[in-house]
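A.B. asks: I would like the atomic coordinates for the input below:
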Amino acid sequence: MFKLIRIFVLLSILAFVAIGTWLAQVRSTDWNNSLWIRVYPINADGHPATQRYIDSLSVEVFSGVEGFFDREVQRYGVILEQPVRVELGPQLNEEPPKLNEQRSILNTMVWSLKTRWWASSVTRGKEDIAPDVRMFVRYHHPDSHFVLEDSLGVQKGMFGIVNAYAGRSFKGSNNVVLAHEFLHTIGASDKYDLSTNQPIAPIGLAEPERSPVFPQRFAEIMGGRIALSPSEAVIPTSLRQAVIGGATALEIGLLDAS
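C.D. replies: Presented below is the predicted three-dimensional model:
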């Protein structure tokens with residue numbers, strides 16, 4: 001009998017968490033209220049210059065993200081003052097869990113659960129009110145010749161981990177990555193070929209109806225790059241060179257599926 005009660009309690013907790021997650025996801029794409037992003041910087045390489053850059057950070061560094069969503073949400077006919085609001089949280093000293101080099105479905109599932117737990121526990125006591133989305137930005141010194149790891153955005157848990165360079169000249173490109181991963185947290189999917197990083201036509205192109213199609217002038221934010229030809233693309237240097245395409249707008253509720 002005790003075992004049955006324990007199973008019932010666990011199932012009830014899981015159901016409660018699942019319903020809460022579902023409600024948060026629904027709210028995140030109804031575009032009735034501002035979505036609140038809280039950015040937590042992390043010194044990923046321990047470099048003194050990286051620390052100096054983090055110490056100099058202000059919320060204005062992320063104003064390009066707010067401006068991008070102001071422009072794009074309005075372009076789809078949604079009238080909402082400041083659809084996305086970014087706040088700068090305190091620096092964190094704890095790194096997210098590492099994915100096991102021996103990739104498997106089990107290892108990935110365990111890593112995902114650990115990372116979701118880390119994202120919620122590492123900010124405990126640092127928030128009076130929980131944001132809609134937490135973005136953890138791991139800064140690296142740009143002269144370290146370190147190749148940045150892939151960033152990620154997780155819808156279940158609504159958080160992202162962004163790998164970025166610590167330098168004012170990288171502000172624009174860092175914001176492109178942050179906006180891309182944020183959109184993952186509210187249901188947007190990648191629209192580029194994972195093996196080549198080339199945007200997938202037509203959904204990964206900013207202007208699929210352009211004639212001639214190439215070169216494109218802008219990047220579709222989930223396509224990730226400005227396609228110059230069917231086999232060549234460049235990373236946008238700022239969100240002024242990016243748009244939310246129709247397929248992404250449909251996924252995040254800016255367009256009606258009907």
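A.B. asks: And stretch 182-202, end to end?
C.D. replies: Criterion Cα to Cα, to the nearest Å; first-to-last residue distance in stretch 182-202 is 22 Å.
A.B. asks: Please spell out which residues along that stretch are buried.
C.D. replies: Going by neighbour count (16 or more other Cβ atoms under 10 Å), the buried part of stretch 182-202 is 182-188, 190-192, 198-200. C-beta coordinates here come from the backbone N, C-alpha and C atoms, glycine included.
A.B. asks: again, but for stretch 40-48
C.D. replies: By neighbour count on 16+ other Cβ under 10 Å, the buried set for stretch 40-48 is 40, 41, 42, 43, 44, 47.
A.B. asks: quick one on the thing from earlier: in helices, which of the buried residues of stretch 182-202 fall?
C.D. replies: Applying DSSP state H to those, the entries found in helices are 182, 183, 184, 185.
A.B. asks: For residue 152, what are phi and psi?
C.D. replies: Taking degrees, to the nearest 10, you get phi -150, psi 150 for the backbone angles of residue 152.
A.B. asks: How about residue 73?
C.D. replies: Torsion angles, degrees, to the nearest 10, at residue 73: phi -60, psi -40.
A.B. asks: need the contact list for the closest residue to it other than its chain neighbours.
C.D. replies: Closest residue to residue 73 apart from its sequence neighbours, by Cβ to Cβ, 6 or more residues apart in numbering: residue 83 at 4.4 Å. Residue 83 makes contacts with 31, 34, 35, 69, 70, 73, as judged by Cβ atoms under 8 Å, 6 or more residues apart in numbering.
A.B. asks: how much space between the fifth one and residue 208?
C.D. replies: This means residue 70. Separation of residue 70 from residue 208 (Cβ to Cβ, to the nearest Å): 24 Å.
A.B. asks: and what of the last one?
C.D. replies: Distance of residue 73 to residue 208, computed by Cβ to Cβ: 20 Å.
A.B. asks: So between the two, which is more surrounded?
C.D. replies: Using other Cβ atoms under 10 Å as the criterion, residue 73 and residue 208 rank with residue 73 on top: 20 against 17.
A.B. asks: is it true that the more buried one touches residue 31?
C.D. replies: Yes. Here residue 73 reaches residue 31: they are 6.7 Å apart, a contact under Cβ atoms under 8 Å.
A.B. asks: Distance to residue 220 and pLDDT added to the ones in helices among the buried residues of stretch 182-202, as JSON lines?
C.D. replies: Formatted as JSON lines, those follow (distance: Cβ to Cβ, whole Å; pLDDT from 0 to 100):
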{"residue": "182", "distance to residue 220": "15", "pLDDT": "97"}
{"residue": "183", "distance to residue 220": "11", "pLDDT": "97"}
{"residue": "184", "distance to residue 220": "14", "pLDDT": "95"}
{"residue": "185", "distance to residue 220": "18", "pLDDT": "95"}
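A.B. asks: Burial check on residue 118, number of neighbours?
C.D. replies: So residue 118, with other Cβ under 10 Å, has 18 neighbours.
A.B. asks: Next up, identify which helix or strand it is on.
C.D. replies: Using DSSP states H and E, residue 118 sits within helix 105-121.
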